[in-house]
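Visitor: Fold the following, please.
(2 chains)
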Protein chains: 2
Amino acid sequence: MYSLQFTAESSSNDMLERDFTLGDVPGVLWSSASGADRAPLVLMGHGGGAHKNHPAMVGRAGLLVTGCGFHVAVIDAPGHGDRPRTTQDEQEIAELRRAQAAGEPEGPIVVPYNARLAELAVPEYRATLDALQELPEIGADGPVGYVGIGLGAAIGVPLVAVETRITAAVFGMMWPDALVETAKQITIPIEFDLQWDNERIPREASLALFDAFASKEKTLHANAGKHFELPRFEADSAVRFFARHLGRAVNSPA
Amino acid sequence: MYSLQFTAESSSNDMLERDFTLGDVPGVLWSSASGADRAPLVLMGHGGGAHKNHPAMVGRAGLLVTGCGFHVAVIDAPGHGDRPRTTQDEQEIAELRRAQAAGEPEGPIVVPYNARLAELAVPEYRATLDALQELPEIGADGPVGYVGIGLGAAIGVPLVAVETRITAAVFGMMWPDALVETAKQITIPIEFDLQWDNERIPREASLALFDAFASKEKTLHANAGKHFELPRFEADSAVRFFARHLGRAVNSPA
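Guide: So this is what the prediction gives:
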C-alpha cells in the first residue's frame, strides 16, 4: 500500500495545483486556493494519447474548481503522460496508427487496447481515491464524481460499476463493444456526450452505449460535428451536472 | 393589418406581464420590470392542449426574463386557450381522445391536426413579431429566438423555416412526418429535446427529426423518462442556449 506524496505545488487564478505520486502513478490535484472548506471530489480520466496535464484536463479542472469549489484529480493512464510504455503498448499504438493511416476502422484495435489499460487503471483509480479521501479537505464521506471521454470512458465505466463511492459520472465517445454489459450494471446519474457526425465511432454504436446504462437519470448530449469537435459548452454542462448531483451551488455562470 | 393592443398589465418578482391582443389572437409579453433596456425577444409556442398561461410557459418565461433579461412572448394557438374551437377542432380532438383511450398510435391523428394548426399559426406568429418589433424596448433589429415543444415545435419548424428574423430555436417532442422536409431547410442553431423512453413518439422518429436539421450547430438533449417527464433543467439549458446565440450574459446561475 503506497501513500500519496505531493511532489510540486503552484497556484494561479485562485486555483491550487498539486502534483502527486501514488507509488509509480503520477497525478494532479486541483483545488480552490481560497476555500479551505471540505468539498466534493471529481475524478477525471484523460483521453487516449493525452495525459494528466492535457489542456482538456486543465480546462475542465478550472471550470470545476472555479465554478463549484470541487477538488479535481486526474492520474496518467498506463503508458500515458509520464508513465513508461511497455512493448505491448508500443505494438498496439503502432497498429492503431497503421489502421488510421490506411483508413481502416479503429474500433477493433482501440476497444481491446483500452480495455487492457482499463483493467490496470481501475485499481489505480480506486487506490488514488482511497489516498485522496485521507486528506482532511476531501474526507471519506463526501460525494465523488467521475468524468472521462474516450479512454477516460473506457476506464470510467468499469470503475464506476465497481466503485460505489462514485455517485455521478460524465462519459462519452467510446465504442460500446467492451462496455455495454458493464454499463447495464450502472444506476447512478449519467451525462453522456456524443458527436452526431463522429467519423470514428458509428452513431448507432454510441446510442447503444447510452441506451445500456441502467440509470434512472441519464442525459444524452449529441452535438453536430466530428469526433474532436465536442463543444466547449459541454464542459460547462458537466459542471452543472456535478453541481446538481454532488450537492454544490454553481458560484458563477458556468 | 391589426395593431397590438395591451389589455392588462401586472408585475411580480421583477417581471412585468402584459396581456395583449393582435386582432383576435391573444398573447402575453413578459419583460424585466427593472430593465428598460432594449433586449432580445424569445417567442414561445405552447404544447397541444395547453395555452399561453400554462405553467410551462410562465415558468420558461420567468427563467428567460430573470436569467437574461429577454422579452418573452407567447400567443394562443388556434382553438387553444382563449380562442374558440371550430367544429373541425372538436372532431380532431375527439378522434385523438378516442385513439388515446383505445391505446392506438396518436401520430396519424396528431400530425395532420397539428400541421393544420401550424398553417394558421405561422402567419399569426409573423404578424405578432411585426407588432412586437414596433415596441421601442424590442425594436426591429434585435435578435429573436423561438422555443416550442410538441405543438410548439409543429408550429415552430415551419415558422423558423420562413422567418429569417429568428436566429436560434429550441424544439422537441414531435413526430417527424410533416416536418422533416421543412427541417432540412433550417440552418440556424438548434437545441432539440427528446425523451428517451417516450411512450408516444418513437425514439427513432425523434432522432430522424433531429438528424434532418441542416444546422451546423445543433444539440440533441435526450433524457431518460417518458413524454411528460422532460426534466426542469432542460428549461435552464434553453436559457443558456439563447444567452449564447442571442448575445446576452446569464445574470444568475440558470
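Visitor: so A:R18 sits in a strand?
Guide: Yes: under DSSP: H, G, I helix; E, B strand; the rest coil, A:R18 falls within a strand.
Visitor: List the contacts of it.
Guide: Neighbouring residues of A:R18 by CB atoms under 8 Å, 6 or more residues apart in numbering or on different chains: A:6, A:8-9, A:28-31. For glycine as for every other residue, the C-beta is placed from the backbone atoms N, C-alpha and C.
Visitor: What's the separation between it and A:L135?
Guide: 10 Å (CB to CB, to the nearest Å).
Visitor: Same check on A:V239?
Guide: Counting by CB to CB, the gap between A:V239 and A:L135 amounts to 22 Å.
Visitor: Compare these two (neighbour count), which wins?
Guide: Of the pair A:V239 and A:L135, A:V239 is the one with more neighbours under other CB atoms under 10 Å in any protein chain shown, namely 26 against 17.
Visitor: so that one touches A:V250, yeah?
Guide: Yes: with contacts counted by CB atoms under 8 Å, A:V239 reaches A:V250, the gap being 6.6 Å.
Visitor: Report the set of residues contacting both of those two.
Guide: Residues touching both A:V239 and A:V250 (CB under 8 Å, 6+ apart) are A:67-68.
Visitor: Can you read off the pLDDT for A:I201?
Guide: The model reports A:I201 with a pLDDT of 95.
Visitor: ok so, going back, what's the closest of the contacts of A:R18 to A:D177?
Guide: A:V28 (30.6 Å; CB to CB).
Visitor: which residues touch that closest one?
Guide: A:17-20, A:52-53, A:57, A:61, A:73-74.
Visitor: Can you name the next helix or strand after the helix or strand hosting it?
Guide: Assessed by DSSP states H and E, A:V28 sits inside strand A:25-32. Per DSSP H and E, strand A:25-32 leads on to strand A:41-45 as the next helix or strand towards the C-terminus.
Visitor: where along the stretch 151-254 of chain A do the helices fall?
Guide: A:151-162, A:180-183, A:203-212, A:233-246 (DSSP state H, counting those that start in this stretch).
Visitor: just the angle between the last one and helix B:233-246, please?
Guide: The directions of helix A:233-246 and helix B:233-246 differ by 150 degrees, with axes from the mean of the first three to the mean of the last three CA atoms, to 10 degrees as the criterion.
Visitor: For the stretch 101-250 of chain A, which residues are neighbours of chain B?
Guide: A:196, A:207, A:210-211, A:215-224, A:231, A:233, A:236-237, A:240, A:244, A:249-250 (CB under 8 Å from any CB of the partner chain).
Visitor: Can you select the buried ones from the residues you listed in ChimeraX?
Guide: The following ChimeraX line selects those of those that are buried, judged by 16 or more other CB atoms under 10 Å in any protein chain shown:
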select /A:196,207,210,211,215,217,218,219,220,221,222,223,224,231,233,236,237,240,244,250
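Visitor: Report the beta-bridge partners for the closest residue to A:S215 other than its chain neighbours.
Guide: In space, and not counting its chain neighbours, A:S215 is closest to A:I190: 4.8 Å by CB to CB, 6 or more residues apart in numbering or on different chains. A:I190 has these beta-bridge partners by DSSP bridges: A:A169, A:K218.
Visitor: Pull up the per-residue confidence for A:I190.
Guide: pLDDT, A:I190: 98.
Visitor: burial measure for it, as a count.
Guide: A:I190, neighbours per other CB under 10 Å, totals 26.
Visitor: So it sits against A:T219, correct?
Guide: Yes: counting by CB under 8 Å, A:I190 touches A:T219, with 7.3 Å between them.
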